[in-house]
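In: Sequence first, then the predicted structure, then my questions.
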Amino acid sequence: EVQLVESGGALVQTGGSLRLSCVVSGFTFSTYAMSWVRQAPGKGLEWVSGFNSGDSPYYVESVKGRFTISRDNAKSTLYLQMNSLKPEDTAIYYCAKSNDGYYQHGMNYWGKGTRVTVSS
């Protein structure tokens, strides 16, 4: 059974930092592209960052230079280091597994999310 479990969300002040983690099981982590996707209050899903299998990370423009995605294949864990947080980063952050080695091809499994709230 595929499982993705996020953690690390919290309430922080503007300018603060958080590190999100996503522990996965039930599939070969290194084989698939992985992403972080967020949903702000009252808004739709927004892809934030992702890794294609064996490739460099990708970011949405609004988080470039502030967020860093990483993965530890030995621990089957995906991370998102978030620095210089802004109120507009407030959202539920989801970890998502792609259908194959490319995040652009869509996601087929999602975690339940972890809430990040950035106070102004």
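Out: That came through fine.
In: State the distance from the residue positioned nearest the centre of the chain to Ser120.
Out: Centroid-nearest residue in the chain: Trp36, 2.3 Å away (criterion: Cα atoms, centre = their mean). Applying Cβ to Cβ, to the nearest Å, the value for Trp36 to Ser120 is 23 Å. All C-beta atoms are positioned from the backbone trio N, CA, C, and that covers glycine.
In: next one: Arg71
Out: Taken as Cβ to Cβ, the span from Arg71 to Ser120 is 31 Å.
In: ok, back up a step: buried residues, the strand or helix carrying the residue nearest to the centre of the chain. List them.
Out: Using DSSP states H and E, Trp36 sits within strand 34-39. Residues of strand 34-39 classed as buried: Met34, Ser35, Trp36, Val37, Arg38 (neighbour count, 16 or more other Cβ atoms under 10 Å).
In: Now do whichever helix or strand comes after that strand: which elements does it pack against?
Out: Later in the chain than strand 34-39, the nearest helix or strand by DSSP H and E is strand 45-51. When contacts are defined as 3 or more Cβ pairs under 8 Å, 6 or more residues apart in numbering; DSSP states H and E, strand 45-51 packs onto strand 34-39, strand 57-59, strand 67-72, strand 77-82, strand 91-98.
In: Indicate which one of those strands is closest to Glu46.
Out: strand 34-39 (5.4 Å; Cβ to Cβ).
In: Now render the buried residues of strand 34-39 as a markdown table, adding pLDDT and distance to Val23.
Out: Output for these, formatted as a markdown table (pLDDT from 0 to 100; distance: Cβ to Cβ, whole Å):
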| residue | pLDDT | distance to Val23 |
| --- | --- | --- |
| Met34 | 96 | 12 |
| Ser35 | 97 | 15 |
| Trp36 | 98 | 14 |
| Val37 | 98 | 17 |
| Arg38 | 98 | 18 |
